[in-house]
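Trainee: this one's sequence-less:
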């Protein structure tokens, strides 16, 4: 019985979806190989978009992601390859008859691009867009719901830029089901016990929570770091992430170009991953100069073996 | 000798490229089947774009069209599926280091979208953008170079919209080479004769131009009509076109929706083609509701057999 119940709990936990879909992992110059930056974080069937390069809505269609489940859009910075997909996406949401508000989290200057667009195209929109202004100079909690918190943190680029950290909320501990019958625990107290409370029997005996429950799986964390020069200041923010997407626009061979443009090399991305002890590194934002990405991957894995190349349509399950 | 010369002329004429590449022939709602509106008219290696829906620059890459040869952009109207590709395309042209001015021919209100974009993103652009304002209420010549004239003409849509007619300039007549030796015609007079002049021999005899030359191939004409309700007023503008692209968003079965939204059915497009005596009709701007386009094609060919369905990557040689 106990085992069965534990399995059921594990099953329930597995059902808590936390997955990332890469829609685009190219850089500013478009190619036939990669789309500009965008990805979706799916937490319990709510979709959070990070960045929205041109063609993002077409990529959503291609990979059969449910556009109606879009819950918010997080913009790292205002370079065109991260935002030029917004007009089309926002217009389509209205064509589809969306009624729920949509929050766009972005630097204040997004309004210089967004407000004139909304004034001309948005006056008949079926839903309201809220621009939530990010302060790219500080670590901030910018969003919270029942399942997650989202933080923004500063990156180092040519214009104000921030990364994002998605952190699952602490889950309730698992009840040992056999203890319910054994101690005759009323149903109404189970919720509190799952949150850590002890139980007092009718005879006044205190049963410690550790006897009644097993720990929940630790909250999962996903970090997004693009675009940025090598910037060790982010390490505390991305520490122990289950997965970190970090830009690797260039190889070390093109390191001078990386420095000039405030981008990272694959080796630098791996150095951050190693120092932050993340479980997995996904590199992306590849320069259009590379037709083959082997060199970027080899450079990173030499420092941090748990590295993968991002690719359009790739799904990362946490 | 004469025959040889005639062949050479024909060869030269064939070299005058006049071809259309369809980059997108879908309508407002994006699908995995079609891209939003855009096409390229290539006249003698100069590329003229008509409309620029989201993802147009990516389609240019896919179909290996030379982005550096872009000579001007003609915008039919300001609905998003015809203009949301502009920011990305214009930014990329600057990344590529373009120096030549770029003319964008569009309704005056394009500035409400374009000017804020250029103010924020365009201040460092490597080239200058000129917005040439179209008057969608009249037939106008809006562009002219050595090879072509471009006219805009009113369409009937929910907002001011115009079609475009690309007309090749009259070509010089072909010289019958054998007459040069026979009448001893000086080289310096050949240009005038090709333009229609008679020749006077040393003895004073007038040799009629028709004896000295054969007619040039008639100038080719390409007409673009999207988006529009059924609008017979365009017939004089598109008359005798070698090819006409006409929207056919709906089938007759969805005719009510066509009327409501100021779009055409496939049959209506064919009626226009037939009445205007065009050589070939290409239908496009397909509603996302149709996965199969056979019904649209059948409906059109029943009225006008020389109909083809547009498709991304399709090339039409005139």
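Mentor: Right, received. Where do you want to start? This one's a predicted model, so the numbers in the text were calculated from it and none came from an experiment.
Trainee: Only C-alpha atoms from now on, for both contacts and neighbour counts.
Mentor: OK.
Trainee: What residues sit buried inside stretch A:289-303?
Mentor: A:296, A:297, A:298, A:299, A:300, A:301, A:303 (16 or more other CA atoms under 10 Å in any protein chain shown).
Trainee: CSV please, covering these and showing secondary structure, pLDDT and distance to residue A:290.
Mentor: Shown next, in CSV, are these (DSSP: H, G, I helix; E, B strand; the rest coil; pLDDT from 0 to 100; distance: CA to CA, whole Å):
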residue, secondary structure, pLDDT, distance to residue A:290
A:296, helix, 97, 9
A:297, helix, 98, 12
A:298, helix, 98, 14
A:299, helix, 98, 14
A:300, helix, 98, 15
A:301, helix, 98, 18
A:303, helix, 98, 20
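Trainee: Wasn't residue A:253 part of a helix?
Mentor: Yes: according to DSSP: H, G, I helix; E, B strand; the rest coil, residue A:253 belongs to a helix.
Trainee: hmm, who's touching stretch A:56-66?
Mentor: Under the criterion CA atoms under 8 Å, 6 or more residues apart in numbering or on different chains, residues A:23, A:24, A:36, A:38, A:67, A:85, A:88, A:89, A:313, B:30, B:31, B:32 lie in contact with stretch A:56-66.
Trainee: ok so, going back, please identify which of the buried residues of stretch A:289-303 is nearest to chain B.
Mentor: residue A:296 (23.3 Å; CA to the nearest CA).
Trainee: ok, residue A:210 - how many residues close by?
Mentor: Residue A:210 has 15 neighbouring residues, counting by other CA atoms under 10 Å in any protein chain shown.
Trainee: Check the secondary structure at it for me.
Mentor: Residue A:210 is classified as helix under three-state DSSP.
Trainee: and it, how far is that from residue B:50?
Mentor: Residue A:210 sits at a distance of 70 Å from residue B:50 (criterion: CA to CA, to the nearest Å).
Trainee: before we move on, what about residue A:298?
Mentor: Distance of residue A:298 to residue B:50, given as CA to CA: 44 Å.
Trainee: picking up where we left off before, can I get the buried residues of stretch A:289-303 in TSV including distance to chain B?
Mentor: Shown next, in TSV, are those (distance: CA to the nearest CA, whole Å):
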residue	distance to chain B
A:296	23
A:297	26
A:298	28
A:299	27
A:300	28
A:301	31
A:303	33
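Trainee: For the residues you listed, which two are the farthest from each other?
Mentor: Taking CA to CA, the two most distant members of the buried residues of stretch A:289-303 are A:296 and A:303; they sit 11.5 Å apart.
Trainee: Now do the shared contacts for these two.
Mentor: Common contacts of residue A:296 and residue A:303 (CA under 8 Å, 6+ apart): residue A:267.
Trainee: Output the contacting helices and strands for the helix or strand hosting residue A:274.
Mentor: Element membership of residue A:274 [criterion: DSSP states H and E] is helix A:266-276. On a contact count with 3 or more CA pairs under 8 Å, 6 or more residues apart in numbering or on different chains; DSSP states H and E, helix A:266-276 meets helix A:235-238, strand A:243-247, strand A:281-284, helix A:294-303.
Trainee: burial measure for residue A:146, as a count.
Mentor: Neighbours of residue A:146 under the rule other CA under 10 Å: 7.
Trainee: My understanding was that residue A:147 contacts residue A:43; is that so?
Mentor: Yes: with contact defined as CA atoms under 8 Å, residue A:147 counts as touching residue A:43 (7.4 Å).
Trainee: what residues does chain A put near chain B?
Mentor: Residues of chain A lying close to chain B by CA under 8 Å from any CA of the partner chain are A:28-32, A:54-55, A:57-58, A:61-62, A:80-81, A:84-85, A:87-88, A:91-92, A:95, A:112-113, A:116-117, A:120.
Trainee: Tell me which of these fall in helices.
Mentor: A:57-58, A:61-62, A:80-81, A:87-88, A:91-92, A:95, A:112-113, A:116-117, A:120 (DSSP state H).
Trainee: Derive a ChimeraX selection command for the buried subset of the residues you listed.
Mentor: Buried residues within these, by 16+ other CA under 10 Å, are selected in ChimeraX with:
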select /A:57,58,80,81,87,88,91,92,113,116,117
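Trainee: low-scoring stretches of chain A, by residue?
Mentor: Scanning chain A with the threshold set as pLDDT under 70 gives A:1-15.
Trainee: looking at it, which residue lies furthest from center?
Mentor: What lies farthest from the middle of chain A is residue A:203; by CA atoms, centre = their mean that is 48.7 Å.
Trainee: that's a strand at that one, yeah?
Mentor: No: assignment of residue A:203 by three-state DSSP gives coil, placing it outside any strand.
Trainee: From the contacts of stretch A:56-66, list just the buried residues.
Mentor: Neighbour counting with 16+ other CA under 10 Å marks A:23, A:24, A:36, A:38, A:67, A:85, A:88, A:89, A:313, B:30, B:31 as buried within these.
Trainee: Just send the residues you listed back as a markdown table, with distance to residue B:134 too.
Mentor: As requested, these are arranged in a markdown table below (distance: CA to CA, whole Å):
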| residue | distance to residue B:134 |
| --- | --- |
| A:23 | 37 |
| A:24 | 36 |
| A:36 | 32 |
| A:38 | 36 |
| A:67 | 36 |
| A:85 | 27 |
| A:88 | 24 |
| A:89 | 28 |
| A:313 | 41 |
| B:30 | 27 |
| B:31 | 30 |
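Trainee: and the two most separated of the residues you listed?
Mentor: A:88 and A:313 (20.0 Å).
Trainee: how close does the closest residue to chain B within chain A get to residue A:219?
Mentor: Residue nearest to chain B within chain A: residue A:55 (5.3 Å; CA to the nearest CA). From residue A:55 across to residue A:219, the span is 33 Å (CA to CA).
Trainee: cool, residue A:126 as well?
Mentor: In terms of CA to CA, residue A:126 sits 36 Å off from residue A:219.
Trainee: again, but for residue A:156
Mentor: According to CA to CA, residue A:156 and residue A:219 sit 27 Å apart.
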